[in-house]
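1. Sequence and predicted structure, then a few things I'm wondering about:
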Amino acid sequence: MARKMKIRAFVKDGGVTVVKAILYHPMETGLRKDKATGEVIPAHFIEEVVATHNRNPVLTCDWGTAVSKNPFLSFDVSGTKAGDKIGITWTDNLGKSDSGEATIS
Amino acid sequence: MKNPRRIFLRAALASSTVAVAVSAGLLTPQTVLAAWPKKAFEAKDEKTALEAIAGSTDVIESGDVKVKTPDIAENGAVVSVTVEPNIPGAESVALLVAENPTKLAANFNFSKQSSSFITCRVKMRKSSDVTAIVKAGGKLYSGKGHVKVTLGGCGG
């Protein structure tokens, strides 16, 4: 998780902003085995993602283990303008979290 | 902010007593995040998952719920799914993958500012239907997409 999440947000039209984000996370299901040792790799996945527009939550996601590694998330937010802030915060099942912010362009 | 859990979480992070409790194992992160719908995500069949996440299994099939998926996914570990609810007042979208060990992949809760589409990548064990269940006005609407997976993505 060394890498910082990437967020891009741009105004499409009529105040609607498209947000695209990549969150770096291993998203282990807890079903996979380590090929070298044969031991099950413990589950480690993002449980909750909250997206905000100027600090107001606009989208909350509950994720399970079936979400891909390094999850990609795209959605739109209405009632926005260039210069507004879009923030994304996630929390995983081990209690770790990360957040990022982008300015709408 | 309407979700009191989040306020609790923030308070918990700020308060050292809770931090001590966490480190002592009295209060695991799981307990703190109790509102994460564990039961729904662990459900091995769609009905249980649906009941746990949406509170009902009465689903109306709707052509308005568009689920865009690739017809063939070479790598089941990364299948891009786009859901367009197209239903006024859509509150949430649950993504279910029929052939996965646990059916529920993700649940998205919209606000008034975000409700027209969502794109996410999911893992799929094998070829199956991807169902989106849209909750709007207390009713559930569903849309489907079928993906043929040539290489499974759940490992093991």
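-> Structure's in. What do you need? Quick caveat: nothing in here was measured; it's all calculated off a predicted structure.
2. can you pull the contacts of the nearest residue to A:T80 once chain neighbours are set aside?
-> Leaving aside its sequence neighbours, A:T80 sits nearest to A:T17 (CB to CB, 6 or more residues apart in numbering or on different chains; 4.2 Å). C-beta: built from backbone N, CA, C; applies to glycine. Residues near A:T17 by CB atoms under 8 Å, 6 or more residues apart in numbering or on different chains: A:9-11, A:53, A:76-78, A:80, A:84, A:86, A:104.
3. Which entries within the residues you listed meet the buried criterion?
-> Buried by 16 or more other CB atoms under 10 Å in any protein chain shown: A:9, A:11, A:53, A:76-78, A:80, A:84, A:86, A:104, out of the contacts of A:T17.
4. Take those residues and keep only those in strands.
-> Counting by DSSP state E, the part of the buried ones among the contacts of A:T17 found in strands is A:9, A:11, A:53, A:76-77, A:86.
5. Nearest to A:I46 among those residues?
-> A:I86 (17.8 Å; CB to CB).
6. Show me what the residue lying closest to the closest one once chain neighbours are set aside is bridged to.
-> Using CB to CB, 6+ apart and skipping the chain neighbours, the partner closest in space to A:I86 is A:A9 (4.4 Å). On DSSP bridges, the residues paired with A:A9 through beta bridges are A:V19.
7. Report the contact partners of A:A9.
-> A:17-20, A:77, A:86, A:102-105.
8. Could you dump the buried ones among the contacts of A:T17 into CSV with distance to A:E47 and pLDDT added?
-> Conversion of the buried ones among the contacts of A:T17 to CSV gives the following (distance: CB to CB, whole Å; pLDDT from 0 to 100):
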residue, distance to A:E47, pLDDT
A:A9, 24, 93
A:V11, 31, 91
A:H53, 22, 94
A:D76, 23, 91
A:V77, 22, 93
A:S78, 27, 91
A:T80, 27, 90
A:D84, 27, 93
A:I86, 21, 94
A:I104, 27, 92
